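1. with the input below, show me the fold.
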Amino acid sequence: MEAKPPKSPAYRALLKAGPNLKPLQQVHAHIVTSGFHRSRSLLTKLITLACEAGSILYAHNLFLSVPHPDSFLFNSVINSSSKFGFPQYALSFYRSMFGFRMPPSSYTFTSVIKACADLSALKLGQGVHSHVFVCGCGSERFVQAALVSLYAKCGEFGVARKVFGEMPERTIVGWNSMISGYEQNGFPKEAIEVFKEMRESGVEPDSTGFVNVLAACSRLENDGLGCAVHDEVVRRGLEINVPLGTSLINMYARCGDVRKAQEVFECMDERNVITWTAMILGYAMNGYGSQAMELFGEMRAHGPRPNTVTFVAVLTACAHAGLVKEGRQAYASMRQEYGLVPGVEHRVCLVDMLGRSGLLDEAYQFIKELSPEEAAPPLWTAMLGACKMHKNTDLGVTVAEHLLEVEPENPGHYVMLSNIYALAGRMDRVEKVVRTVLQLKNFVRTLLPEELQDRRSNPCSIHLEALRKFS
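-> As a prediction, this is how the structure comes out:
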């Protein structure tokens, strides 16, 4: 067997720098001063590593410095842009190929179609699909699998099924694309059916397939199938990596089996911020607020840096467990310790936490001190729910009327306002709200006054059938 020629010192320097921007720039400067800046292999490797480092602008400028890029360079930069999260640039480089009269290959199309799928750009993807046929790449299995993924992700399941059915060999990638497409578009039952169909056809699922079907099980809270999947993963000796382990944690937590979720979490050799957050949220969803905060403390001390999603899980745990002090501290630490800017979801969680604990005045004051942009309608909705929970009708009416000012066409606000009035025994106001909604929605049928009169005796089980049609 012929030995491969040794790599040049510049190439070895690039490999040593890896996907790290500053070392890459230093190596690039050395390449230029050494006179190797025209080396196509060095530039291709440099551009690929720049994309992996997340510096797409640097990679783009490097590409523009090449006077006559060849197909290998084009395919490398398109693949790297698509692979490392820059789908818009992948499509831009694809268009640039036309200007250089460079024919795309199946390798090109696979990356470009993935970029369209990542952007959910159906029409653009259909155009690329046409180009696939023109270039004679329609029977390439990797291109077909990418097309299945595109159409499934965009909810075009009929087309996805057609392309999938035309594949001479139904690869595991194609099966996984169909399963994930159904699951991500809110069709978990169909995802599970495709998974079973795959098994019946003799194709063994891989780790990605298990991740996809576990996500479907989580949506349906189907722990029976989820446990069976877990058992098969163990039986086959598959590594419980970060995606698979996190999916198992989510599935068990959604199905209420926190103990099993904890077992999976503890047996994982590697855990990233998503895994930690999933376990914290699993505790929060199932009423284990203290355990959630204990794990959060462990994460802060020994785990990865929390992100904004982590803090949603933490604040949710505090809200459901009444841990007001801990929740205040967590919210404050977002800016003070981690430099994270609280979003609407964090402010809603804080209002919900204060409201559930009966601190309505503090919650109301918190909202009032925000700017109009920060005090978004979801915060007022959470405030209104707290007023209803604690039967504070005076504040509830104030909050509801504010909501109607900012979102007059949201029927859910009218339902909540009606409930507040009913709790206060203000049936005259309830009747007025019902009529307002019926007029708002041009509802032909009107509630007769007699119907309202008959139900005055039970105001807490308020007669809102008409309103609920719009909520």
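2. gap between F74 and C217?
-> Counting by CB to CB, to the nearest Å, the gap from F74 to C217 is 41 Å. (Glycine included, C-beta is placed from N, CA and C.)
3. which residue of those two possesses the greater neighbour count?
-> Using other CB atoms under 10 Å as the criterion, F74 and C217 rank with C217 on top: 30 against 23.
4. model confidence for that one, exactly?
-> Per-residue pLDDT puts C217 at 94.
5. could you list every residue that touches it?
-> By CB atoms under 8 Å, 6 or more residues apart in numbering, the residues touching C217 are 188, 192, 223, 225-226, 229, 251, 255.
6. tell me what the strand or helix carrying F63 is packed against?
-> Secondary structure assignment for F63, by DSSP states H and E: helix 56-64. In terms of contacts (3 or more CB pairs under 8 Å, 6 or more residues apart in numbering; DSSP states H and E), helix 56-64 is packed against helix 21-33, helix 40-52, helix 71-83, helix 87-99.
7. quick one, the first one and helix 56-64 angle?
-> I take that to be helix 21-33. Orientation check (axes from the mean of the first three to the mean of the last three CA atoms, to 10 degrees): helix 21-33 against helix 56-64 gives 20 degrees.
8. now do the buried residues in helix 21-33.
-> If you call a residue buried by 16 or more other CB atoms under 10 Å, then helix 21-33 has these buried ones: 23-25, 27-28, 31.
9. nearest to L119 among these?
-> L24 (26.9 Å; CB to CB).
10. surely that closest one meets A13?
-> No. L24 is beyond contact range of A13, at 9.6 Å (criterion: CB atoms under 8 Å).
11. list the buried residues of stretch 170-186.
-> In stretch 170-186, counting by 16+ other CB under 10 Å, buried: 170-171, 173-185.
12. using CSV, write out every CA atom in that stretch.
-> The C-alpha atoms that make up stretch 170-186 are tabulated as CSV, following Å, rounded to 0.1, in the frame of the first residue of the first chain:
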residue,chain,number,x,y,z
ARG,A,170,-34.6,3.3,1.5
THR,A,171,-31.7,4.4,3.6
ILE,A,172,-31.7,4.9,7.4
VAL,A,173,-31.3,8.7,6.6
GLY,A,174,-34.5,8.7,4.6
TRP,A,175,-36.5,6.9,7.3
ASN,A,176,-35.2,9.2,10.0
SER,A,177,-36.1,12.2,7.8
MET,A,178,-39.7,11.0,7.5
ILE,A,179,-40.0,10.3,11.3
SER,A,180,-38.5,13.6,12.4
GLY,A,181,-40.6,15.5,9.8
TYR,A,182,-43.8,14.1,11.2
GLU,A,183,-42.7,14.7,14.8
GLN,A,184,-41.4,18.2,14.3
ASN,A,185,-44.6,19.2,12.5
GLY,A,186,-46.8,18.0,15.4
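13. state the mean pLDDT of that stretch.
-> Per-residue scores along stretch 170-186 average to 91.
14. what's the answer for stretch 82-96, then?
-> pLDDT averaged over stretch 82-96 gives 91.
15. how about the CA coordinates for that stretch, as PDB?
-> The C-alpha coordinates for stretch 82-96 follow below in PDB (Å, rounded to 0.1, in the frame of the first residue of the first chain):
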ATOM      1  CA  SER A  82     -24.600  24.400   5.600                       C
ATOM      2  CA  LYS A  83     -23.100  22.000   8.200                       C
ATOM      3  CA  PHE A  84     -22.100  24.700  10.700                       C
ATOM      4  CA  GLY A  85     -25.300  26.700  10.800                       C
ATOM      5  CA  PHE A  86     -25.000  29.300   8.000                       C
ATOM      6  CA  PRO A  87     -27.600  28.100   5.500                       C
ATOM      7  CA  GLN A  88     -28.000  31.600   3.900                       C
ATOM      8  CA  TYR A  89     -24.400  31.600   2.900                       C
ATOM      9  CA  ALA A  90     -24.600  28.100   1.600                       C
ATOM     10  CA  LEU A  91     -27.300  29.300  -0.800                       C
ATOM     11  CA  SER A  92     -25.300  32.400  -1.700                       C
ATOM     12  CA  PHE A  93     -22.200  30.300  -2.600                       C
ATOM     13  CA  TYR A  94     -24.500  28.000  -4.600                       C
ATOM     14  CA  ARG A  95     -25.700  30.900  -6.600                       C
ATOM     15  CA  SER A  96     -22.100  32.000  -7.200                       C
END
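16. excluding its own residues, what touches that stretch? List them.
-> 51-52, 54, 56, 59-60, 63, 74, 77-79, 81, 104, 108, 111-112, 114-116, 118-119, 121, 124, 128.
17. give me the helix or strand of the protein that scores worst on average pLDDT.
-> Across the helices and strands of the chain, the lowest-confidence element by mean pLDDT, DSSP states H and E is helix 465-468, at a mean of 35.
18. ok so, going back, how far does the helix holding F63 sit from the chain's center?
-> 29 Å (CA atoms, centre = their mean, to the nearest Å).
19. so that it lines up with my notes, have the first residue be 39 from now on.
-> Sure, I'll start numbering at 39, so the last one becomes helix 94-102.
20. and W314, how far is that from I94?
-> 29 Å.
21. cool, and M216?
-> When M216 is compared with I94 (using CB to CB), they lie 31 Å apart.
22. again with Y402
-> In terms of CB to CB, Y402 sits 45 Å off from I94.
23. let me see the mean pLDDT of the helix holding F101.
-> 85.
24. what's that helix in contact with?
-> 59, 62-63, 66, 81, 84-85, 88-89, 107, 111, 115, 118-119, 124, 127, 131.
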